[in-house]
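Enquirer: Below are the sequence and a predicted model; questions follow.
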Amino acid sequence: MKRWILTVLYVMAVSAAGQVCAECLPSSQSVYDETPNQSMCDETLNQSMCDETLNVETGRAPSIYDETGDDETGRDETGHDETGHAPSLQDTINPKHNPQDTINPKFNPHDTVNPKLTTHDIKLFKPDPHKAWLMAMAFPGVGQIYNRQYWKLPIVYGGLMGFVYAISWNNKNYQDYKSAYFDIVRDAANDPQALNPDSWSQSWQDFISANANPANYLNNAQFQSNLKSGKDFYRRYRDMSIIFSVVLYLICVADSYVDAQMFDFDVSPDLSMRIAPEIKPATFANSHSFGLSICMTF
């Protein structure tokens, strides 16, 4: 009697386990389901229930074949049973499931490309030539700063500072020689006999030695000529310094405009010059000649 009761309980357990296993088949719990927010804990729980169900039905590990190659259903090594039918999907599915092999349903926003950082939204720097030369006209070097050519600033400001110093130094000497020359000419005209030294100007007396007598230089034509030559010399170099500073200023303006205009000009990296000997054969117009050929690649 007890044996019959155990048999009935065993059959009821097997039928209940079969229903649970049918619910956990991949057809209803597929990893590619349209519900990506299914938690991994539910998949693992259902899978463990399937494993226990298969163990109850077959009484062994959830593999298709045992060590002898035949399972309890009588299937051979090819997987066919005695009637020659291939194993079904329920027989061949591997009940052991690794949750790490499935697609992670959790969405990570850091794994996607941010649509705000596209190349269409990134603005490349391209200077405006009109704005560049206007800024260079306003103040020297500003055009080079606008074009981001910072390495040219020492050249620009160094050259301008040098010309400003040259203008200042030459103009100071010019003013000294000019005042001395005009004053000695006036004093010589007012006191040709050199009898009133108190009325003489100090400007031309600064160009003679301390122990010399100013009366000996008042009517000295050579001394007056030297003062005039010095005046003309420093005036000439002052004017040249002004001209060169203006030229440098215009070069800075032109450089800022051209640099902005050619900012995105594609320069080939192959810039070379090759010199090779060349022999020209004799023709009806020219005789046989030798020479050098210069080939420039740019």
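Expert: Yep, it's here.
Enquirer: Please count neighbours and contacts with C-alpha atoms only from this point.
Expert: Fine.
Enquirer: burial measure for residue 204, as a count.
Expert: Neighbours of residue 204 under the rule other Cα atoms under 10 Å: 25.
Enquirer: Which residue is the nearest non-sequential neighbour of it?
Expert: For residue 204, ignoring the flanking residues on the chain, the nearest one in space by Cα to Cα, 6 or more residues apart in numbering is residue 180 at 4.1 Å.
Enquirer: give the contact list for that neighbour.
Expert: For residue 180, the contacting residues are 203, 204, 205, 227, taking Cα atoms under 8 Å, 6 or more residues apart in numbering as the criterion.
Enquirer: Reformat those residues as a markdown table; add pLDDT.
Expert: As requested, the contacts of residue 180 are arranged in a markdown table below (pLDDT from 0 to 100):
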| residue | pLDDT |
| --- | --- |
| 203 | 92 |
| 204 | 92 |
| 205 | 91 |
| 227 | 95 |
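Enquirer: Most neighbours of all those residues, which one?
Expert: Each of the contacts of residue 180 was scored by neighbours using other Cα under 10 Å; the highest score is residue 204's, at 25 neighbours.
Enquirer: Quickly find the element holding that residue.
Expert: helix 202-205 (DSSP states H and E).
Enquirer: From residue 151, how far out is the nearest residue to residue 258 once chain neighbours are set aside?
Expert: Taking Cα to Cα, 6+ apart, and ignoring the residues beside it in sequence, residue 258 has residue 129 as its nearest neighbour in space, at 7.4 Å. According to Cα to Cα, to the nearest Å, residue 129 and residue 151 sit 19 Å apart.
Enquirer: Counting neighbours, go ahead and name the busier of the two.
Expert: Taking neighbours as other Cα under 10 Å, residue 129 and residue 151 compare with residue 129 leading, 19 against 10.
Enquirer: pLDDT wise, what is residue 225 at?
Expert: Reading off the per-residue confidence, residue 225 sits at a pLDDT of 93.
Enquirer: same deal with residue 152?
Expert: Listed pLDDT for residue 152 reads 93.
Enquirer: Could you report the neighbour count for it?
Expert: Residue 152: 14 surrounding residues under other Cα under 10 Å.
Enquirer: so who does it touch?
Expert: When the contact criterion is Cα under 8 Å, 6+ apart, the partners of residue 152 are residue 144.
Enquirer: That one falls within a strand, correct?
Expert: No. Assessed by DSSP: H, G, I helix; E, B strand; the rest coil, residue 152 does not belong to a strand; its assignment is helix.
Enquirer: coming back round to it: who's in contact with the residue nearest to residue 258?
Expert: Listed by Cα under 8 Å, 6+ apart, the contact partners of residue 129 are 256, 257, 258, 259, 260, 261.
Enquirer: a strand runs through residue 290, doesn't it?
Expert: Yes. Membership of residue 290 in a strand is supported by three-state DSSP.
Enquirer: hey, what's it bridged with?
Expert: Beta-bridge pairing of residue 290 under DSSP bridges involves residue 279.
Enquirer: and if you look at residue 272?
Expert: The residues paired with residue 272 through beta bridges, assigned by DSSP bridges, are residue 297.
Enquirer: from now on call the first residue 30
Expert: Renumbered: residue one is now 30, and that last one reads residue 301.
Enquirer: what's the burial count for it?
Expert: Each residue near residue 301 was counted by other Cα under 10 Å, and the total is 9.
Enquirer: re earlier: in which helix or strand would I find the residue nearest to residue 233?
Expert: According to DSSP H and E, residue 209 maps onto helix 182-219.
Enquirer: Now that helix: buried residues?
Expert: Applying a neighbour-count criterion of 16 or more other Cα atoms under 10 Å, the buried positions in helix 182-219 are 182, 185, 188-189, 192, 195-196, 199-200, 202-203, 205-214, 216-217.
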